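Asker: Please find the sequence and the predicted model below.
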Amino acid sequence: MIYWQIFLAFFIPGIVGYGGGPASIPLVENEVVDRYGWLTVEEFSEVLALGNALPGPIATKMAGYIGYEQGGVLGAFVGVFATVAPSLILMVMLLGLLYKFKDSPKVKRMTMLIRPTIAVLLGVMAYQFFTSSYEGAGVWQTLFLVIASFVLMEKLKVHPAFVIVGALGYGAIFLAG
């Protein structure tokens, strides 16, 4: 019974919480504090603060923590699954619809328009990363990391995960201060 309650406590906010994690936080609070009484308002605010401090989507972190507190590892799994299930269901339905009409000229035109948008968004993100790196580490450190990463990935074909780990190690050793 507890797993069903955990599922409902996070599935319902996932359905009606349009706008992602921040929009569904009051709905999750209503479920776990008011409806089921698993947490007090103070405890919920601490879980929210902890979730905000960690990287990643806040709704899934909260669901995992609260689900674990109420139902152990299986409860954490149920909570996280219930949080992502509405998006997953909608995505599968939309992908099915897109696949059905993949040969449509309108769908082809739409996907052709999305590609440059994604490229621009990735370019802006890369520029922002470069700018913050430049401001935090300096021009020479940034240039070294950019050139080393390029050579390792493009010329020596090193997997990007190893390059990232190497850059993190470099930063921990030479840029910690």
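Answerer: Nice, thanks for sending it over. Numbers count the residues shown, from 1 in each chain.

Asker: Who are the packing partners of the longest helix along the chain?
Answerer: Secondary structure of the chain per DSSP state H: the longest helix is helix 58-100. Other helices and strands packing on helix 58-100, by 3 or more Cβ pairs under 8 Å, 6 or more residues apart in numbering; DSSP states H and E, are helix 2-16, helix 21-29, helix 41-53. From N, CA and C alone the C-beta is placed, and that goes for glycine too.

Asker: worst average pLDDT in those helices?
Answerer: Ranked by mean pLDDT, the helices and strands packed on helix 58-100 bottom out at helix 21-29, which scores a mean of 81.

Asker: starting at the chain centroid, how far to it?
Answerer: Put simply, helix 21-29 sits 16 Å off its chain's centre (Cα atoms, centre = their mean, to the nearest Å).

Asker: Only the buried residues of it, if you could.
Answerer: Buried residues in helix 21-29, counted by 16 or more other Cβ atoms under 10 Å: Gly21, Ser24, Ile25, Leu27, Val28, Glu29.

Asker: what do you get for stretch 33-51?
Answerer: Val33, Tyr36, Trp38, Leu39, Phe44, Val47, Leu48, Gly51.

Asker: Show me the domain layout of this structure.
Answerer: Domain assignment of the chain by automatic domain parsing yields the ranges 2-100, 105-174.

Asker: most neighbours per residue, which of those?
Answerer: Of the domains of the chain, the one with the most neighbours on average (mean count of other Cβ atoms under 10 Å) is domain 2-100, at a mean of 17.

Asker: ok, now how distant is the residue lying closest to Pro86 once chain neighbours are set aside from Pro105?
Answerer: Closest residue in space to Pro86, ignoring its immediate chain neighbours: Gly14 at 4.1 Å, by Cβ to Cβ, 6 or more residues apart in numbering. Gly14 sits 35 Å away from Pro105, going by Cβ to Cβ, to the nearest Å.
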